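**Q** Just a sequence and a predicted model for now, questions to come.
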Amino acid sequence: MSALPTILDRICGEKRKLVAEHKAHRPIQELLNRAQDQAPPRGFAQSLTDKVAAGGFGVIAEIKKASPSAGVIRPNFQPAQIARAYQRGGAACLSVLTDTRFFQGSDADLGAARSACDLPVLRKDFLVDPYQVVEARALGADCVLLIVAALSDEDLAQMESVALGYGMDVILEVHDEAELERALKLRSPLIGINNRDLKVMRTDIATTERLVPLLPPDRVAISESGLESPADLKRMADVGVRRFLIGESLMRRTDVEEALRVLLAGACAG
Ligand SMILES: O=P(O)(O)OC[C@@H](O)[C@@H](O)c1c[nH]c2ccccc12
């Protein structure tokens, strides 16, 4: 019995073809050399922890022009400007969508955002091959996201070890109990609980509330997707979660610095 392909299957299928093309154009050795030439990663997990230790929230603010679920989110899209505004607004880290086909992002967006500020940057893409992890470091990325639903245990372990070998941080993204169990067999302490089900694109922040009690004490949760208001962040803080990945609700606002500042101030008050 074969289930219908999900959106995640489609995206990852296309990604595999793209990676094959990239490999033909740019041999891995060239990428390895470029990755080797990069300055060391800016501490991504550390930056989140610093904000939390100071009594605040660690926000990974996302730079994203469009998404499959929402279409175009931000028509006037200037990654460098947004990066600086996010930093001024209190972000701990940035996430930059580099997928072109579904999110209208690019590798160049990551470079532009990262060189415009001092924040550590997550390369947000659908990684299906270790080649893309090396590519991420060659682009200057400080962290990669590995989507447990999209990868075998072997691929996860291999890609994680390449990233950790470069001193990058790794977010292991899960959406349910079975995926969490697989993530816990890996080494990275950062567990991204995606409130959005990438198979059907439905979002419910109760997902974080359900999964976070299952995390052992040596892992830290990052609640991802669908977070919009100070009340949402307070609800997450009530179950002990103080690290967030926030995109669309900020990207829809003209002044993202003000939007982030207001969100954080509202969540910290009362
Ligand atoms: O825009 P939102 O709802 O605030 O969500 C941000 C982020 O969590 C979301 O973009 C995301 C989480 N995991 C992903 C994996 C691939 C692409 C995108 C994502």
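**A** Cool, got the structure.

**Q** so which residue of the chain comes closest to the ligand?
**A** Closest residue of the chain to the ligand, Cβ to the nearest ligand atom: residue 247 (2.8 Å). For the C-beta atoms, the positions are set from N, CA and C on the backbone; glycine is no exception.

**Q** So that residue is in contact with residue 60, correct?
**A** No. Using Cβ atoms under 8 Å as the test, residue 247 is too far from residue 60 to be in contact (9.0 Å).

**Q** Please enumerate the shared neighbours of these two.
**A** residue 95 (Cβ atoms under 8 Å, 6 or more residues apart in numbering).

**Q** Setting aside sequence neighbours, what's the nearest residue to the residue of the chain closest to the ligand?
**A** The shortest distance from residue 247 to any non-neighbouring residue, by Cβ to Cβ, 6 or more residues apart in numbering, is to residue 62 (3.3 Å).

**Q** same deal with residue 225?
**A** Nearest to residue 225 is residue 196, by Cβ to Cβ, 6+ apart, at 4.0 Å.

**Q** buried ones in stretch 104-116?
**A** Neighbour counts using 16 or more other Cβ atoms under 10 Å place 104, 105, 106, 107, 109, 110, 111, 112, 113, 114, 116 of stretch 104-116 among the buried residues.

**Q** Not counting sequence-adjacent ones, nearest residue to the third one?
**A** Just to be clear, that refers to residue 106. Using Cβ to Cβ, 6+ apart and skipping the chain neighbours, the partner closest in space to residue 106 is residue 100 (5.7 Å).

**Q** and that neighbour, how many neighbours?
**A** 14 (other Cβ atoms under 10 Å).

**Q** so which helix or strand takes in it?
**A** Assigned by DSSP states H and E, residue 100 belongs to no helix or strand.

**Q** Show me where the stretch 1-150 of the chain dips below the pLDDT cut-off.
**A** Low-confidence segments of the stretch 1-150 of the chain, defined by pLDDT under 70: 1-2.

**Q** let's go with 80 and repeat that
**A** The model of the stretch 1-150 of the chain has pLDDT under 80 over residues 1-3.

**Q** who in it is up against the ligand?
**A** 62, 124, 147 (Cβ under 6 Å from any ligand atom).

**Q** Mind putting the buried residues of stretch 104-116 into a markdown table with secondary structure?
**A** What follows is those, written out as a markdown table (DSSP: H, G, I helix; E, B strand; the rest coil):
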| residue | secondary structure |
| --- | --- |
| 104 | coil |
| 105 | coil |
| 106 | coil |
| 107 | helix |
| 109 | helix |
| 110 | helix |
| 111 | helix |
| 112 | helix |
| 113 | helix |
| 114 | helix |
| 116 | coil |
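
**Q** Of those, just say which sits nearest to residue 233.
**A** Using Cβ to Cβ, residue 113 is the member of those that lies nearest residue 233, at 23.2 Å.

**Q** Return the residues in contact with that closest one.
**A** For residue 113, the contact set (Cβ under 8 Å, 6+ apart) comprises 63, 79, 80, 82, 83, 94, 96, 121.

**Q** Now do the SS call for the closest residue to it other than its chain neighbours.
**A** Spatial nearest neighbour of residue 113, chain neighbours left out: residue 83 (3.9 Å); criterion: Cβ to Cβ, 6+ apart. Secondary structure, three-state DSSP: residue 83 is helix.
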